[in-house]
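Peer 1: With the input below, show me the fold.
(chains A and B)
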Amino acid sequence: MNPIEARLRMQRDDFQLDIDLNIPGHGVTALFGPSGCGKTSLLRAIAGLEPGVSGSLSVCGKNWQGERHFLPPHKRPVGYVFQEPSLFPHLNVRDNLQYGLKRLNKRQRRVSLEQAVELLGIGELLQRKPQQLSGGEQQRVAIARALAVSPALLLMDEPLAALDEALKQEILPWLESLHRELDIPVLYVSHSRDEVARLADHLVLLNTGRVEAAGSVSDLFSRLDLSLAHRPDTETVIETIVAGYDGEFRLAALSFPGGRFRIADRPALGRHARLQVKANDVSITLKWPEQTSILNIFPATVDTLADDGEARVIVRLMLDGNVPLLARITRKSAAELNLESGAKVFAQVKSVALLS
Amino acid sequence: MLAEQDLTALWISLKLAALTTIILLIIGTPLAWWLARSRARLKFLAEALVALPLVLPPTVLGFYLLVALGPDGPLGRAMQAVGGEPLAFTFTGLVIGSVLYSLPFVVQPLQNAFAAIGQRPLEVAATLGASPLDRFFSVAMPLARPGFLTAAVLGFAHTLGEFGVVLMIGGNIPGKTQVLSIAIYDHVEALEYDQAQWISGGLLLLSFLLLMMVYAFNRRFAEARL
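Peer 2: Residues are numbered from 1 along each chain as shown, chains lettered A, B, ... in the order given. As a prediction, this is how the structure comes out:
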């Protein structure tokens, strides 16, 4: 599928958006950055909702905006999920879902109402009015409503931001299954690192209206020249496939190009699993450690180092297959181990979390 | 009880109020929509013009209309040029005067109702494939329903009760341009307090019932939304 190409500019009194971006035509791309960085403006510009945007935009080979051409929002095949559910209060859930579907050319229907209803588990709610739903239910209906128009591109503007923690946990699994089961590229605005780590495949970092960096989540999360790697909860995200299960010790084996992780969990065999490794849980040794309680040990090469406060450093390690892994150690340890770019070491991973 | 002349006046009053309300809803809706949504720099001028009848003595408005619609006025001449009659002292003249005089009572509730909807529901409708006109009918109109009811009732009741404009431009011709509010005045002038009593009481009751209906409906509508 052709990627999404956006060269968009917009001038407001105190804010300028100047975007030059190529986004993959598959998977979830997170637009990430502090509030006021232009994430939402960019999303609205792509949907055609923002006035005064110049430049060009093409999605999957179709020209949505150009020099003398502006496709109005109702002609752009997008699904848009706003921060608040924004259901139509005068329509019940079924009519809300059908609002977009009814206005869709029959030939363009690829997602059926039943499919959208099933994907978000809202079959019980169809006859209700929006006012009778909880916040989480409302947002699920809003997501289903956006899906029901069979969009070429799904735009989600912090769909979880207005919800409390419990509701977030209620909706996240639905978003993950959406991701697995539909072949629709998603642009997902977020300022939550956790959501990005769980949901996104690609990442676009925005700052003051410009693209700071773009790439895969595991790559950008581990780049030491970006602010993402310099936070107390710095982590690495690693994509794996569930390769086996050890029934005696109840451990799953998850393989990735750099080796295999063993974790105390039981994900379904053969499925993709995304792991999160905190930089604080990774230590470095020069020799293969023997007689240790740590199960996950990988040969690695030191890629780069960067100071992290006064006493510590963040080390970017490369495992086999060019899989990056961050470790946070003291500056003293780094000096004693004589760590420098290119050094061969072993990374010991003390704990791993299964994200999805 | 009511004399035949009073019944005629009642009929003319109702006809005038109904017609005025219908015309105002038709021209007031796009006007209110524009006022609620436009960011045009000169919008305040249009808003001031619409609100003018609220503060202007009805006789002033009536006077200018009389001049404009009379045989020597610009509109009166235009009517004669196309083979019509001047509109002063006709029922059509009354309708024109009432439309202008009751304009703010219809436009302002509509404008407030449209403004209260906000941008979001219309943006949602746009991303779901609804064209601007489609969005207006499928989202803005249903969400502004209480505003439409308020506008219609206020327009109707206000037209029913107007006096100054109607007297100036209609000339109080029984059977043609005499409306109820003027009939009351005539009865009082002639010291026929009984008849004045009947008509006044009737108008009071009708106005109260209409307003009661609006407030009761708006409350139910608001509760349904919670």
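
Peer 1: A:Phe346 falls within a helix, correct?
Peer 2: No. Counting by DSSP: H, G, I helix; E, B strand; the rest coil, A:Phe346 is not found in a helix; it is strand.

Peer 1: Leaving out chain neighbours, which residue sits closest to it?
Peer 2: In space, and not counting its chain neighbours, A:Phe346 is closest to A:Thr285: 5.0 Å by C-beta to C-beta, 6 or more residues apart in numbering or on different chains. For every residue, glycine as well, the C-beta is placed using N, CA and C.

Peer 1: just checking, the one you found touches A:Lys344?
Peer 2: No. Between A:Thr285 and A:Lys344 there is no contact under C-beta atoms under 8 Å: 11.1 Å.

Peer 1: ok, and what's touching the longest helix along chain A?
Peer 2: What stands out as the longest helix in chain A, according to DSSP state H, is helix A:165-181. With contact meaning C-beta atoms under 8 Å, 6 or more residues apart in numbering or on different chains, helix A:165-181 is reached by A:27-28, A:119-121, A:134-136, A:139-140, A:143, A:147, A:159-160, A:163, A:186, A:195, A:198-199, A:356.

Peer 1: Tell me how far the residue nearest to A:Phe346 lies from chain B.
Peer 2: Distance, A:Thr285 to chain B, by C-beta to the nearest C-beta, to the nearest Å: 54 Å.

Peer 1: And A:Pro232, by the same measure?
Peer 2: 36 Å.

Peer 1: Same question for A:Pro89.
Peer 2: Counting by C-beta to the nearest C-beta - A:Pro89 and chain B are separated by 5 Å.

Peer 1: tell me the contacts of that residue?
Peer 2: A:Pro89 touches A:Lys129, A:Pro130, A:Gln131, B:Leu143, B:Arg225, counting by C-beta under 8 Å, 6+ apart.

Peer 1: Need the buried ones from those selected in ChimeraX.
Peer 2: With 16 or more other C-beta atoms under 10 Å in any protein chain shown as the burial test, the buried ones among the contacts of A:Pro89 are selected in ChimeraX as follows:
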select /A:129,130 /B:143
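
Peer 1: mind checking the SS state of B:Met219?
Peer 2: If you look again at residue B:219, you'll see it is Arg, not Met. Applying three-state DSSP: B:Arg219 is helix.

Peer 1: Residues of chain B that sit close to chain A?
Peer 2: B:120-121, B:123-132, B:134-135, B:138-139, B:142-143, B:145, B:224-226 (C-beta under 8 Å from any C-beta of the partner chain).

Peer 1: Show the buried residues in those residues.
Peer 2: So, by 16+ other C-beta under 10 Å, the buried ones in the residues of chain B next to chain A are B:121, B:123-131, B:135, B:138-139, B:143.

Peer 1: Sort out which of those residues are in helices and list them.
Peer 2: Going by DSSP H, the helices hold B:Pro121, B:Glu123, B:Val124, B:Ala125, B:Ala126, B:Thr127, B:Arg135, B:Leu143 from these.

Peer 1: Out of these, flag the one nearest to A:Ser41.
Peer 2: Nearest to A:Ser41 among these, counting by C-beta to C-beta, is B:Glu123 at 13.6 Å.

Peer 1: which residues touch the closest one?
Peer 2: B:Glu123 neighbours (C-beta under 8 Å, 6+ apart): A:Leu49, A:Pro73, A:Tyr80, A:Phe82.

Peer 1: Please pick the buried ones from the residues you listed.
Peer 2: A:Leu49, A:Pro73, A:Tyr80, A:Phe82.

Peer 1: on that earlier part again, quick check, nearest of the ones in helices among the buried ones among the residues of chain B next to chain A to A:Asp320?
Peer 2: B:Thr127 (44.9 Å).

Peer 1: Please give me every residue in contact with the residue lying closest to the closest one once chain neighbours are set aside.
Peer 2: The shortest distance from B:Thr127 to any non-neighbouring residue, by C-beta to C-beta, 6+ apart, is to A:Tyr80 (3.8 Å). Listed by C-beta under 8 Å, 6+ apart, the contact set of A:Tyr80 reads A:Leu43, A:Ala47, A:Leu49, A:Ala146, A:Leu155, A:Met156, A:Asp157, B:Glu123, B:Val124, B:Thr127.

Peer 1: which of the residues in the lowest-mean-pLDDT helix or strand in chain B are buried?
Peer 2: Ranked by mean pLDDT, DSSP states H and E, the weakest helix or strand in chain B is helix B:74-81, scoring a mean of 84. Across helix B:74-81, burial judged by 16+ other C-beta under 10 Å covers B:Leu75, B:Gly76, B:Met79.

Peer 1: now swap in stretch A:54-66 and tell me
Peer 2: Neighbour-count burial for stretch A:54-66 [16+ other C-beta under 10 Å]: A:Gly55, A:Leu57, A:Ser58, A:Val59, A:Trp64, A:Gln65.

Peer 1: That one and chain B in contact?
Peer 2: No. Using C-beta under 8 Å from any C-beta, stretch A:54-66 never reaches chain B; the gap is at least 13.1 Å.

Peer 1: Let's test this: mean pLDDT of that stretch, rounded?
Peer 2: Regarding stretch A:54-66, the rounded mean pLDDT is 91.

Peer 1: try stretch A:30-45
Peer 2: Mean predicted confidence for stretch A:30-45 is 91.

Peer 1: Next, the contact list for whatever residue of chain B ends up closest to chain A, please.
Peer 2: Chain B approaches chain A most closely through B:Leu128 (3.4 Å), counting by C-beta to the nearest C-beta. B:Leu128 makes contact with A:His74, A:Tyr99, A:Gly100, A:Arg103, A:Arg145, A:Ala146, A:Val149, according to C-beta under 8 Å, 6+ apart.

Peer 1: Likewise for B:Ala126?
Peer 2: A:Gly48, A:Leu49, A:Pro72, A:Pro73, A:His74, B:Arg135.

Peer 1: Who are the contact partners of the last one?
Peer 2: B:Arg135 sits next to A:His74, B:Leu122, B:Ala125, B:Ala126 when contact means C-beta under 8 Å, 6+ apart.

Peer 1: Let's have those in a markdown table, adding pLDDT.
Peer 2: As requested, these are exported to a markdown table (pLDDT from 0 to 100):
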| residue | pLDDT |
| --- | --- |
| A:His74 | 94 |
| B:Leu122 | 96 |
| B:Ala125 | 97 |
| B:Ala126 | 96 |
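
Peer 1: Which member of the residues you listed is positioned nearest B:Val188?
Peer 2: Distances from B:Val188 to the contacts of B:Arg135, taken by C-beta to C-beta, are shortest for B:Leu122, at 51.6 Å.

Peer 1: quick one on the thing from earlier: TSV for the contacts of B:Ala126, including distance to A:Gln108?
Peer 2: What follows is those, written out as TSV (distance: C-beta to C-beta, whole Å):
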residue	distance to A:Gln108
A:Gly48	17
A:Leu49	21
A:Pro72	17
A:Pro73	16
A:His74	13
B:Arg135	20
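
Peer 1: ranges for the strands of chain B?
Peer 2: Along chain B, no segments are classed as strands by DSSP state E.

Peer 1: Sorry, slip of the keys, the one I care about is the stretch 201-350 of chain A.
Peer 2: Remark: strands assigned in the stretch 201-350 of chain A by DSSP state E, counting those that start in this stretch are A:202-207, A:210-216, A:235-246, A:251-256, A:259-263, A:272-278, A:282-285, A:296-308, A:312-319, A:323-330, A:344-349.

Peer 1: Now do the first one, average pLDDT.
Peer 2: Meaning strand A:202-207. 92.

Peer 1: what about it, distance to the chain center?
Peer 2: 10 Å (C-alpha atoms, centre = their mean, to the nearest Å).
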